[in-house]
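A.B. asks: Okay, sequence plus prediction incoming.
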Amino acid sequence: MASTDLTLDEQGTLPKPGPVGRLVRLAFGLLCIYYIYSLWTVRGFLPAADGSLQPLLWNGVVLGLILVSYVVNIGFSRPWKKRPALTSVGLLLGAAGMNYLSSGTLEGPITAMVLSIWLLYVFGHLGLAFLLSAVIGTPGCEMRAFHHVYSQLTGTPTKEHYCPVGPLHPIDQWETARRQP
């Protein structure tokens, strides 16, 4: 797995994504937003009639735990390494423990609500960053899209970060190589 170390490069170091990179960012953004929409429409934040968590909640947990450190570290320019993931695990276990103490089961309203809010944040932040990155062509990682917009609006240079997870960095490299004569 890629490192969660925050290694920011000077503005202009990374190439802007080409059409393929922007389409992939758009697709990932739409997938994230669709997941959020699905959570909301099936009322995933509420437990099922038997008190268990909705299956849709479980679909995002592992991926969310893998991605949360990248979302927080790169998105907020903080070198917290794996702390966001570890804090998330602690938060989710704490919610399950509180639910157990109140109802005798790990799954229930407390766990569902905390897990839902956490998933809404992780995939909402990621989805909006992907969509914004696709529209404005943020160089490198989509999590720098908000910083990129700020830079464009204020003229203040902002740092860039390559995409440490997934296919975006290789796609950007491939498109850059194709553009060079």
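C.D. replies: That came in fine, so what should we check first?
A.B. asks: Which other helices and strands does the helix or strand containing V68 contact?
C.D. replies: According to DSSP states H and E, V68 maps onto helix 55-75. The contact analysis (3 or more CB pairs under 8 Å, 6 or more residues apart in numbering; DSSP states H and E) places helix 55-75 against helix 19-41, helix 83-103, helix 109-136. All C-beta atoms are positioned from the backbone trio N, CA, C, and that covers glycine.
A.B. asks: Point out the most buried one among the ones you listed.
C.D. replies: Ranked by mean neighbour count, the helices and strands packed on helix 55-75 are led by helix 109-136 with a mean of 20 (mean count of other CB atoms under 10 Å).
A.B. asks: Could you pull up the mean pLDDT of that one?
C.D. replies: Mean per-residue pLDDT for helix 109-136: 94.
A.B. asks: so after it, what's the next helix or strand?
C.D. replies: Heading C-terminal from helix 109-136 (DSSP H and E), you reach helix 145-154.
A.B. asks: what angle do that following helix and helix 55-75 make?
C.D. replies: Between helix 145-154 and helix 55-75, the angle comes out at 50 degrees (axes from the mean of the first three to the mean of the last three CA atoms, to 10 degrees).
A.B. asks: by contact count, what packs against helix 145-154?
C.D. replies: Using 3+ CB pairs under 8 Å, 6+ apart: helix 145-154 touches helix 109-136.
A.B. asks: Off-centre distance for the helix it packs on?
C.D. replies: How far helix 109-136 lies from its chain's middle: 7 Å, per CA atoms, centre = their mean, to the nearest Å.
A.B. asks: just checking, what packs against it?
C.D. replies: Using 3+ CB pairs under 8 Å, 6+ apart, helix 109-136 sits against helix 19-41, helix 55-75, helix 83-103, helix 145-154.
A.B. asks: CA-only coordinates of the first one in PDB, if you can.
C.D. replies: This means helix 19-41. Output in PDB follows, covering the C-alpha atoms of helix 19-41 (Å, rounded to 0.1, in the frame of the first residue of the first chain):
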ATOM      1  CA  PRO A  19      -9.000  14.200 -20.900                       C
ATOM      2  CA  VAL A  20      -8.700  10.600 -19.800                       C
ATOM      3  CA  GLY A  21      -7.500  11.500 -16.300                       C
ATOM      4  CA  ARG A  22     -10.300  14.000 -16.000                       C
ATOM      5  CA  LEU A  23     -12.900  11.500 -17.100                       C
ATOM      6  CA  VAL A  24     -11.600   8.900 -14.600                       C
ATOM      7  CA  ARG A  25     -11.800  11.600 -11.800                       C
ATOM      8  CA  LEU A  26     -15.400  12.400 -12.900                       C
ATOM      9  CA  ALA A  27     -16.300   8.700 -12.800                       C
ATOM     10  CA  PHE A  28     -14.800   8.300  -9.300                       C
ATOM     11  CA  GLY A  29     -16.500  11.400  -8.100                       C
ATOM     12  CA  LEU A  30     -19.900  10.300  -9.400                       C
ATOM     13  CA  LEU A  31     -19.400   6.800  -7.800                       C
ATOM     14  CA  CYS A  32     -18.700   8.500  -4.400                       C
ATOM     15  CA  ILE A  33     -21.700  10.800  -4.700                       C
ATOM     16  CA  TYR A  34     -23.900   7.900  -5.800                       C
ATOM     17  CA  TYR A  35     -22.800   5.900  -2.700                       C
ATOM     18  CA  ILE A  36     -23.700   8.900  -0.500                       C
ATOM     19  CA  TYR A  37     -27.100   9.300  -2.300                       C
ATOM     20  CA  SER A  38     -27.700   5.500  -1.800                       C
ATOM     21  CA  LEU A  39     -27.000   5.800   1.900                       C
ATOM     22  CA  TRP A  40     -29.400   8.600   2.200                       C
ATOM     23  CA  THR A  41     -32.200   7.100   0.100                       C
END
